[in-house]
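Colleague: Sharing a model that was predicted from the sequence below.
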Amino acid sequence: MRRQCALACAAVLTLIASLLVAATPAQAAVGLRVSGRNIVEANGSVFVIRGTSHAHTWYTSQTSSIANIKAKGANAVRIVLSGGRWPANGASDVANVISLCKASKLICILENHDTTGFGEQSGSVSLDTAVDYWISLQSVLTGEENNVIINIGNEPIGNNAVTPGWTQATSAAIQRMRTAGFQHLLMVDAPNWGQDWSFTMRDNAATVAAADPQRNTVFSVHMYGVFDTAAEITSYLNAFQTAGLPLVIGEFGFNHSDGNPDEDTIMAEAQARGLGYLGWSWSGNGGGVEYLDQVTNFNPNQLTSWGTRLFNGANGIASTAVECTMCGGGQPTDTTPPTTPGTPAASSITSTGASLSWTASTDSGGSGLAGYNVYRSNGTQLGTSTTNSLALTGLTPSTAYTVYVRARDGAGNLSGNSSSVTFTTSAAPSDTTAPTTPGTPTVSGVTASGASLTWTASTDSGGSGLAGYNVYRSNGTQLATTTTNSATLTGLSANTAYTVYVRARDGAGNLSANSSSVTFTTTGGTSGGCTATGTVQSQWGNGYVVQPVTVTNGTTARTSWTVTFTLPSGHTLSGSWNANVTVSGQTVTATNMGYNGALGSGASTSFGFQVSRPNGNTATVTSYTCA
């Protein structure tokens, strides 16, 4: 979950403590895997995650929680593990957890929590180090591809820039996992403490997906205060749906110190779109976020209001979860692969596509023929099909393709390679016809830094197809690009008039004429007062957590805020969240993040921090100045 919980959990654990060989990668994924935007089981059945997280690394004695979570209707459980940042979970411990998941027919999502807040939180580790942990567990993970999803690292980057960045670090981690021989479905979390407010994951997911030679990675966003409106939720989900990429909501809550997430929309949209979700968390939260417990003291008979909403409410787990068909330990063993498919025949070849068909395989191993994978000669998977034909799309014009087919059965066994066929795509069509002119844009949702635009769609008759739209300011500056007839503008200047127009573009790069223009003015800037008040949520002998520090705006809208405070003598800042923080001597300056600076009249936001102090010292920060 978000950083303040991680810090608080670390503080609580500190207090408790004071009281007390590489394999050759396969050519294609087996077991649970990605198919388009869906997660499917080895037999081709679509699997939609419905479950919660269990903080196993801090509560290893509470293994009965796994069966209790199943009894509430879940089909999956996300297990919090550590390689040593917190109490380490070794191979025998993890093997036992997997066996308990299988006994309850739950998909077991194993996550390494050590990466939480890397680059911003002391003690966090890189995704590369997280891969070392998974490799140390490989002996108990291999063979569990039907039962286990590996969530490489929880919230692997905070809000600070790190090198390598999220895209490069995540791609490299996936490739190391594949080189080591892991064939499991992999799950990767977004940066910004999982909330991706900078849209780094959203905008680079396709690059990361392509880095997986098995194309078997699902993306996970954590939805807390950044996702407090239906518009923000649907916009984010729309982006992945448009891109055709797999996404799950890997954590969310019904409330949070950084804002009030819209859990009703999260759950309704997930159900409508066939997306998985995982609530945070079963029990054991501390540091001021105890309200995120779904049951009290791990007692399954004491559901909290959040637990009742998640499991039994509208679009909740009990009414929407469908049990996995192949997880658990009771399936008959099938080690017999299907017969080899016939040589594919290519037809209907265009500049960007072709149709393939082949003689069907048969399967005698007992799990049944599940479908086919189509590969290029270099091993790149081009597509999958449940029938003996496939329409390939997205190919490059004027390019030779040599392809072959492998059949797969319900147990994940792959046949031998079929004989290959070679075909060459045609040249790109000559298209000099521009799309029609878009309609006049309509403006809504104007803030100090952004606005939403919609317009009547264009059409394209030139042959290359409508590709999208560019949004321009009247001076010709491009403000946005989109593939749909709407756009959300961000990064605008406060109290400024914008005159904008739209041009459509087609697949050949032709641009339509300018639409008619529309003018709007962003709301006011940073003038007006603000106040800041802090609450000490927990403290112990040598430290304390202040959460929340509530920043309340005055009467004039603003786009940024700055809060200063003084640490008592001998105190040092050991962590912070939801603010950019600098320290000079004992003076601390906190400024807004990119997602919480814009405040309307009377609106508020919050941040938090953790302080270390001399043992026995009881002083805390008592006053704050806001500007």
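Modeller: Looks like it arrived, so ask away. Keep in mind it's a predicted model, so treat the numbers as computed, not measured.
Colleague: For burial, what's the neighbour tally of residue 349?
Modeller: Residue 349 has 16 neighbouring residues, counting by other Cβ atoms under 10 Å. (Each C-beta comes from the backbone N, C-alpha and C, glycine too.)
Colleague: wait, what's in contact with the closest residue to it other than its chain neighbours?
Modeller: Taking Cβ to Cβ, 6 or more residues apart in numbering as the measure, residue 349 lies nearest to residue 423, with 5.6 Å between them; neighbours along the chain are not counted. Residues near residue 423 by Cβ atoms under 8 Å, 6 or more residues apart in numbering: 346, 349, 354, 400-401, 403.
Colleague: Now, those that are in strands?
Modeller: Among these, the subset assigned to strands under DSSP state E consists of 346, 354, 400-401, 403.
Colleague: Quickly name whichever of the residues you listed is closest to residue 441.
Modeller: Within those, proximity to residue 441 (Cβ to Cβ) peaks at residue 354, which comes in at 38.5 Å.
Colleague: Isn't that closest one up against residue 347?
Modeller: Yes: contact criterion Cβ atoms under 8 Å: residue 354 and residue 347 qualify, at 7.2 Å.
Colleague: about what we covered before: give me the buried subset of the ones in strands among the contacts of residue 423.
Modeller: 346, 354, 401, 403 (16 or more other Cβ atoms under 10 Å).
Colleague: So which of those residues sits lowest on pLDDT?
Modeller: Of all these, the model is least confident about residue 354, whose pLDDT is 93.
Colleague: on that earlier part again, make sure the residue nearest to residue 349 is indeed in a helix.
Modeller: No: using DSSP: H, G, I helix; E, B strand; the rest coil, the secondary structure at residue 423 is strand, not a helix.
Colleague: Give me the pLDDT value at it.
Modeller: Model confidence at residue 423, expressed as pLDDT, equals 96.
Colleague: before we move on, what about the one 5 residues further on?
Modeller: pLDDT recorded at residue 428 is 76.
Colleague: any idea how far residue 504 is from it?
Modeller: For residue 428, the distance to residue 504 (Cβ to Cβ, to the nearest Å) stands at 19 Å.
Colleague: Ok, residue 296 next?
Modeller: 56 Å.
Colleague: So between these two, which is more surrounded?
Modeller: The residue with more neighbours, out of residue 296 and residue 504 and counting by other Cβ under 10 Å, is residue 504; that gives 25 against 14.
Colleague: Which elements pack onto the strand or helix carrying that one?
Modeller: Secondary structure from DSSP states H and E places residue 504 in strand 497-506. The elements that strand 497-506 packs onto, with contact taken as 3 or more Cβ pairs under 8 Å, 6 or more residues apart in numbering; DSSP states H and E, are strand 451-454, strand 466-473, strand 518-521.
Colleague: hang on, the earlier thing: export the contacts of residue 423 to TSV and tack on distance to residue 559?
Modeller: Conversion of these to TSV gives the following (distance: Cβ to Cβ, whole Å):
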residue	distance to residue 559
346	56
349	53
354	51
400	54
401	51
403	53
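Colleague: and which of these is nearest residue 65?
Modeller: Sorting the contacts of residue 423 by how near they are to residue 65, with Cβ to Cβ, puts residue 403 at the top with 47.4 Å.
Colleague: who touches whatever helix or strand residue 111 lives in?
Modeller: Applying DSSP H and E as the criterion places residue 111 in strand 107-112. With Cβ under 8 Å, 6+ apart as the test, strand 107-112 has contacts from 32, 47, 49, 51, 53, 75-83, 94, 97-98, 101-102, 130, 133-134, 141, 144, 147-154, 187, 278, 324, 327.
Colleague: Keep only those of the residues you listed that are in strands.
Modeller: Of the contacts of strand 107-112, the ones assigned to strands by DSSP E are 51, 53, 76-81, 148-151, 187, 278.
Colleague: Look up how far residue 595 lies from the residue nearest to residue 490 when sequence neighbours are not counted.
Modeller: Setting aside the residues directly before and after it, residue 490 is nearest to residue 450 in space (Cβ to Cβ, 6+ apart), at 4.6 Å. Spatial separation of residue 450 from residue 595 under the definition Cβ to Cβ is 12 Å.
Colleague: Give me the more crowded residue out of those two.
Modeller: Neighbour comparison, residue 450 and residue 595: the larger count goes to residue 595, with 19 against 15 (by other Cβ under 10 Å).
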